[in-house]
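Trainee: output the structure for:
(one chain, ligands or ions: 1)
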Amino acid sequence: MTAPLTAGANPFQDRETGRRLIARIGEKLDRLGATERKPVRLMEICGGHTHTIFRHGLSGVLPAGLEFLHGPGCPVCVLPMGRIDDCVAIAEDPRVIFTTFGDAMRVPGSKKSLMQAKADGADIRMVYSPLDALELARRNPDREVVFFGLGFETTMPSTALTVLKAEREGIANFSLFCNHITIIPTIRAVLDTPGMMVDGFIGPGHVSMVIGLKPYRFIASQYDRPLVVTGFEPLDVLQSVWMLLDQIDRGVVEIQNQYARVVPEEGNPQANAAIDAVFETRPFFEWRGLGSIDESGVAIRERFARFDAERRFAVRSPAVAEPDSCQCGGVLTGTVKPWQCPLFGGACTPESPVGALMVSSEGACAAYHQYGGLRKGAA
Ligand code: SF4
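Mentor: Numbers count the residues shown, from 1 in each chain. All right, here's what the predicted structure looks like:
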């Protein structure tokens, strides 16, 4: 088992504080009568929290009366195969330099991943920001540079600001293949899932820096579930678990901010203004394993049409069925554990992923695989 709470100078990884928090969580679970057979189930929406929970062995040191469910907050994991196929088609156009974050390279499409397309000769380059892609466009005026924009509200502002910069500078050979998605309809889709078992949410820290706390209020008022916006250190997660259990214990349902040192209650108005200027809501957007979710994606506004790769290239977005036996959808909604998927650890491994949850380190299946969750009850 991974050693919990890494020792060191980081005060958010202090072992003694962690032990005290774990004891207090145990007391709360006892008060609530939670057991392994009847656990309190908390969903971490963000893949970053899934990674923290596994890397620091939190689920292994917490009482059996607490169960983590791993939600759909890893943007790489929820990319549908048809959109990866679109990326490959654009990238294989000989006029194009296709740019992407590295973690999208290995996501399987129906025929190949971007990594395989690159091996087959497509000009695909990894970048660290959309501004890197814009710089490539400046330096290669005879090529079409396409940036693969993906992620929740965390990454949307930098993409939007890059499009605004491209417009200001009159750069004509830059475009964006927009696959940005929004968190709130996603949470609503989880809450509306038949058999939904979530007792409370560990809310995403980075997304909340942009959107603030207000958009989550419906979760408490309409669905009677608490949410605590949470940081990414192990003590952040433990404190949020205690805050959620405390709400349940006191019979209150609120949206709270554990990550106040970073997340302003009202979010980031400048970032939201850039998002609003460049993007508009799509009526629906397809998610890998979850089907179509209304108003969950954004597209580029008409004003910026010349920077829209979807309009500049023939993008088909074919509907592609998930591979036989793949349980990604169930894992994403917390109704299936990774080890319950018949492909887990056999046909589907991080080296040879069948589903996208095995690709990114923030994907639940990859985290289970990497940190020893190959058996029932490991997390
Ligand atoms: S093991 Fe692979 S196919 Fe099964 S749910 Fe996980 S990622 Fe999807």
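Trainee: got the residues of the stretch 101-250 of the chain near the ligand?
Mentor: Not one residue of the stretch 101-250 of the chain sits near the ligand, judged by C-beta under 6 Å from any ligand atom. For glycine as for every other residue, the C-beta is placed from the backbone atoms N, C-alpha and C.
Trainee: can you give me the strands in the stretch 251-379 of the chain?
Mentor: Ranges of strands in the stretch 251-379 of the chain, per DSSP state E, counting those that start in this stretch, are 255-257, 279-281, 284-287, 291-294, 298-300.
Trainee: quick one: closest of these to residue 324.
Mentor: The closest of the strands of the stretch 251-379 of the chain to residue 324 is strand 291-294. By C-beta to C-beta, the value is 17.3 Å.
Trainee: give me the sheet partners of the closest one and which way each runs.
Mentor: Here strand 291-294 is paired, per DSSP bridges, with strand 284-287 (antiparallel).
Trainee: what's the average pLDDT for the strand it pairs with?
Mentor: What strand 284-287 shows for mean pLDDT is 87.
Trainee: can I get it in PDB, CA atoms only?
Mentor: Taking C-alpha atoms only, strand 284-287 is exported to PDB below (Å, rounded to 0.1, in the frame of the first residue of the first chain):
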ATOM      1  CA  PHE A 284     -25.400  19.300 -26.600                       C
ATOM      2  CA  PHE A 285     -22.000  17.600 -26.600                       C
ATOM      3  CA  GLU A 286     -21.000  13.900 -26.700                       C
ATOM      4  CA  TRP A 287     -19.000  12.500 -23.800                       C
END
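Trainee: ok, the closest residue in space to residue 74 that isn't next to it in sequence - contacts?
Mentor: Among residues not flanking residue 74 along the chain, residue 47 sits closest, at 3.1 Å (C-beta to C-beta, 6 or more residues apart in numbering). Taking C-beta atoms under 8 Å, 6 or more residues apart in numbering as the criterion, residue 47 is in contact with 70, 73, 74, 75, 77, 360, 362, 363, 364.
Trainee: and those as TSV, adding pLDDT?
Mentor: Conversion of those to TSV gives the following (pLDDT from 0 to 100):
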residue	pLDDT
70	87
73	81
74	83
75	85
77	82
360	78
362	77
363	85
364	88
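Trainee: closest one of those to residue 99?
Mentor: Distance to residue 99, by C-beta to C-beta, is smallest for residue 75 among the contacts of residue 47, at 16.5 Å.
Trainee: the closest one should be in a helix, yeah?
Mentor: No: counting by DSSP: H, G, I helix; E, B strand; the rest coil, residue 75 is not found in a helix; it is coil.
Trainee: where does the closest residue to residue 195 other than its chain neighbours land on pLDDT?
Mentor: Closest residue to residue 195 apart from its sequence neighbours, by C-beta to C-beta, 6+ apart: residue 335 at 5.7 Å. We have a pLDDT of 82 for residue 335.
Trainee: quick one: residues contacting residue 335.
Mentor: 193, 195, 196, 197.
Trainee: okay, now the residue nearest to the third one when sequence neighbours are not counted: neighbour count?
Mentor: It stands for residue 196. For residue 196, the nearest residue in space outside its immediate sequence neighbours is residue 190; the separation is 6.6 Å by C-beta to C-beta, 6+ apart. Close neighbours of residue 190, defined as other C-beta atoms under 10 Å, add up to 25.
Trainee: and for residue 297?
Mentor: Neighbour tally, residue 297, other C-beta under 10 Å: 22.
Trainee: which residues touch it?
Mentor: Residues near residue 297 by C-beta under 8 Å, 6+ apart: 179, 180, 181, 182, 281, 282, 284, 285.
Trainee: tell me the buried residues in stretch 285-305?
Mentor: Across stretch 285-305, burial judged by 16 or more other C-beta atoms under 10 Å covers 285-290, 293, 296-300, 304.
Trainee: give me the distance between residue 13 and residue 231.
Mentor: Distance, residue 13 to residue 231, using C-beta to C-beta, to the nearest Å: 12 Å.
Trainee: more neighbours: these two, which one.
Mentor: Shown here are residue 13 and residue 231; by other C-beta under 10 Å, residue 231 has more neighbours (22 against 18).
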